[in-house]
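Colleague: Pasting a predicted model and its sequence here:
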Amino acid sequence: MGDRCGWCGEDPLYVSYHDEEWGVPEYDGRALWEKLILDGFQAGLSWITILRKRDAFRDAFEGFRPEVIAGWGEPEVARLLQNEGIIRHRGKIEATIGNAQAYLDMGGADVFADRMWGYVGGSPLINSFRTLSDVPPSTALSTQVSKDLKKAGFKFCGPTIVYAWMQACGLVNDHIVGCPARRV
């Protein structure tokens, strides 16, 4: 057994996330959408910040139910901007509402999951990076997924955000070679 991926450091929450969640294939479309939204909120911040606030996000966004969020307007945006438990960024909050609408317009959970997993042929892409510095911030595939999501009406889903999301959801396995969580 080798060392785990160094990005998670020693923080117990981060280590647990790395060992038990990150890179594990997620096939539920609603959960994939939630993770994409959280990755959008992470833009410009560290992921540990989002992890520490994840339960507050889930509470504030009513379990990340797109069918509820899609109907929100200014009253809900104003409420969320006052919630100290989450990242209070108007653009990201408004994007979440629009992304819920885009997700529903796309066809909901099953269609979203099928479409996202279709990019990788239904199975995780397994990379064999030996060091963290070998892992790219984005790829041609994440750029294509980003373009397609934006065309469908999504926001806060640039190629770097999408690649981080693909890693988190197990569409790609970027655990470094020798990491005990690699599972291949």
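Modeller: Looks like it arrived, so ask away.
Colleague: List the residue ranges of this structure that fall below the pLDDT cut-off.
Modeller: Applying pLDDT under 70 to the chain flags residues 1-2.
Colleague: What residues of the longest helix along it count as buried?
Modeller: The helix that spans the most residues within the chain, counting by DSSP state H, is helix 90-106. For helix 90-106, burial by neighbour count (16 or more other Cβ atoms under 10 Å) applies to 92-97, 99-104, 106. Heads up, the C-betas are built off the backbone N, CA and C, glycines and all.
Colleague: Tell me where this structure has strands.
Modeller: With DSSP state E as the definition, the chain shows strands at residue ranges 125-126, 172-173.
Colleague: Neighbouring strands - and their directions - for the first one?
Modeller: Strand 125-126 has these partner strands in its sheet, going by DSSP bridges: strand 172-173 (parallel).
Colleague: Quick one: distance of the strand it pairs with to the chain centre.
Modeller: 13 Å (Cα atoms, centre = their mean, to the nearest Å).
Colleague: on that earlier part again, hmm, who's touching the longest helix of the chain?
Modeller: The contact list for helix 90-106 (Cβ atoms under 8 Å, 6 or more residues apart in numbering) reads 33, 36-37, 40-41, 43, 61, 66-70, 72-73, 76-77, 80-81, 112, 115, 149, 152-157.
Colleague: on that earlier part again, between the strands of the chain, which gets nearest to Ile161?
Modeller: With Cβ to Cβ as the criterion, Ile161 lies closest to strand 172-173 of those, at 13.9 Å.
Colleague: what residues does the closest one touch?
Modeller: In contact with strand 172-173 (Cβ under 8 Å, 6+ apart) are residues Gly23, Val120, Pro124, Leu125, Ile126, Asn127, Tyr163, Met166, Arg182, Arg183, Val184.
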